[in-house]
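# starting from these lines, generate the structure:
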Amino acid sequence: MTRRTLTWTGLAVASAMSLTGCVTTASPQHVAALFNCAELKQAVASADNGFDDIKGQFRETRLTRSWNTDVQAFHEACVITSAQRPDHYECFGRIDIKDPGSALAIASEELGQCLGSDWKASMSAERAMYRSQGTDTVVTLETFINDRHHRVGTLGVFQKEADALPSGQQGI
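Numbers count the residues shown, from 1 in each chain. Reported below is the predicted structural model:
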């Protein structure tokens, strides 16, 4: 490989690691340390107005539009983004739990406590979706193993349930 190719490859890997939350100085053993309940509630309340009151600096690329936000509910890695879906709040971070198989269950329980008793979860193998009567807003928590074999989580706040469905299921 040429020096230029190695440089670009290194930059691409560093960017991907930052986006997936792999670059971190702390490795919490319990997910509760990752959630900021007050910030999560602020993001949920902001969904009704398209997150306008928590949008910061705007950035646009060929594929996405995104806004920085000071509202950091999970792992200090949250943004508001719009691409194939309407504006939504999304956070990324590594989840270090001794039993990776129970990571979603533990994280989901903690998330439910943050949201409160009005919110009910539906679970699948790697995703929890929270809904509450009286609001169209949906909160999701997904986990997966990244290419470095670390369990990573994605917390999302969507304006409507249809916006939170995986791409292949939208419009069904």
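
# run through the bridge partners of the closest residue to residue 150 other than its chain neighbours.
In this structure, residue 150 finds its nearest non-sequential neighbour in residue 94, 5.4 Å apart by Cβ to Cβ, 6 or more residues apart in numbering. In this view, the C-beta of every residue, glycine as well, is placed from N, C-alpha and C. For residue 94, the beta-bridge partners are residue 152 (DSSP bridges).

# from residue 109, how far off is residue 94?
19 Å (Cβ to Cβ, to the nearest Å).

# between the two, which is the more surrounded one?
Counted by other Cβ atoms under 10 Å, residue 94 and residue 109 do not tie: residue 94 has more neighbours, with 22 against 14.

# neighbours of the residue nearest to residue 134 when sequence neighbours are not counted, how many?
Using Cβ to Cβ, 6+ apart and skipping residues adjacent in sequence, the residue nearest residue 134 is residue 118, 7.8 Å away. Other residues lying near residue 118 total 11 when counted by other Cβ under 10 Å.

# pLDDT score for residue 16?
Note for residue 16: predicted pLDDT of 38.

# thinking residue 79 is in contact with residue 68, fair?
Yes: here residue 79 reaches residue 68: they are 6.4 Å apart, a contact under Cβ atoms under 8 Å.

# more neighbours, those two?
Taking other Cβ under 10 Å, residue 79 and residue 68 do not tie; residue 79 has more neighbours (19 against 13).

# for the helix or strand hosting the more buried one, which outside residues touch it?
Applying DSSP states H and E as the criterion places residue 79 in strand 78-82. Strand 78-82 is contacted by residues 43, 51, 54-55, 64-69, 71-72, 87-91, 155 when judged by Cβ atoms under 8 Å, 6 or more residues apart in numbering.
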